[in-house]
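Asker: kindly generate the corresponding structure for this input.
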Amino acid sequence: MATLSEVEALLGQPRFNWSDPAPWAEMEREFGIEFPADFREIVNAYGSIKINSQLYLDHPAGHLLHNLGRSIRENLELWREEDMTEFLPSPAGAGPGELMPVATATTGEAVFLRVPDNASSPWRVVVQEFDSPAWTLHEMTFGEWLLAYLRGEDVTVCSRNWAPDRPFYEPLS
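Answerer: Numbering: from 1, shown residues only. Modelled structure (predicted):
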């Protein structure tokens, strides 16, 4: 599994460094799942950010304008609409095999965590290209996927043209 130190080496030092588990516990109770440890660790370190002026990640702290729980609720509503369900390989939701929307990109992609089928199965990343019916399952954890993105690899969302010198981020309020 990718480590926070590997992300920091590419993206730079985090400035948020959240340690209170309460917002995660509240959000996880609401959705009925426990988010993967690597996703939580990265989001807790960086908070709500925009990476390379392209990829949005949100934190569940309630005082933030860009709040993960609110974002997930809104995106679940969108992806559960009858005319949107055909664009995903499985339903949006928190059940086994379903897709939990956790990030978006200014280039039109939606990033989902695929809920494992059982406790021994790993979380995976699915990226849907909003301007087409295409989606891609990435057989990697969120941390591995984010590292690949930060390295400029094509993981459906690609940063090469957005951060030609090196990855960067800006905090969102």
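Asker: secondary structure element for L76?
Answerer: In this structure, L76 sits in helix 68-79 according to DSSP states H and E.
Asker: from T85, how far off is L99?
Answerer: L99 sits 11 Å away from T85, taking Cβ to Cβ, to the nearest Å as the criterion. All C-beta atoms are positioned from the backbone trio N, CA, C, and that covers glycine.
Asker: quick revisit: report the buried residues of the helix holding L76.
Answerer: Neighbour-count burial for helix 68-79, counted by 16 or more other Cβ atoms under 10 Å, picks out L68, G69, S71, I72, N75, L76, W79.
Asker: average pLDDT for that helix?
Answerer: Here helix 68-79 scores 96 as its mean pLDDT.
Asker: what residues does it touch?
Answerer: Residues outside helix 68-79 that contact it (Cβ atoms under 8 Å, 6 or more residues apart in numbering): 23, 26-27, 30-31, 43, 48, 58-60, 62, 84-85, 88, 92-93, 99-102, 104, 110.
Asker: make it 7 Å
Answerer: Contacts with helix 68-79, where a contact means Cβ atoms under 7 Å, 6 or more residues apart in numbering, come from 27, 30-31, 58-60, 84, 88, 92-93, 100-102, 110.
Asker: now stretch 80-90
Answerer: Applying Cβ under 7 Å, 6+ apart, the contact partners of stretch 80-90 are L78, W79, P91, A92, G97, E98, L99, V126, Q128, P133, W135, L137.
Asker: among those residues, find me the one that's closest to E8.
Answerer: When the contacts of stretch 80-90 are ranked by distance to E8 (Cβ to Cβ), V126 comes first, at 25.5 Å.
Asker: OK, contacts around E153?
Answerer: With Cβ under 7 Å, 6+ apart as the criterion, no residue contacts E153.
Asker: also the one 4 residues further on?
Answerer: Contacts for V157 (Cβ under 7 Å, 6+ apart) come out as L55, A105, T107, E109, V111, V127, Y149.
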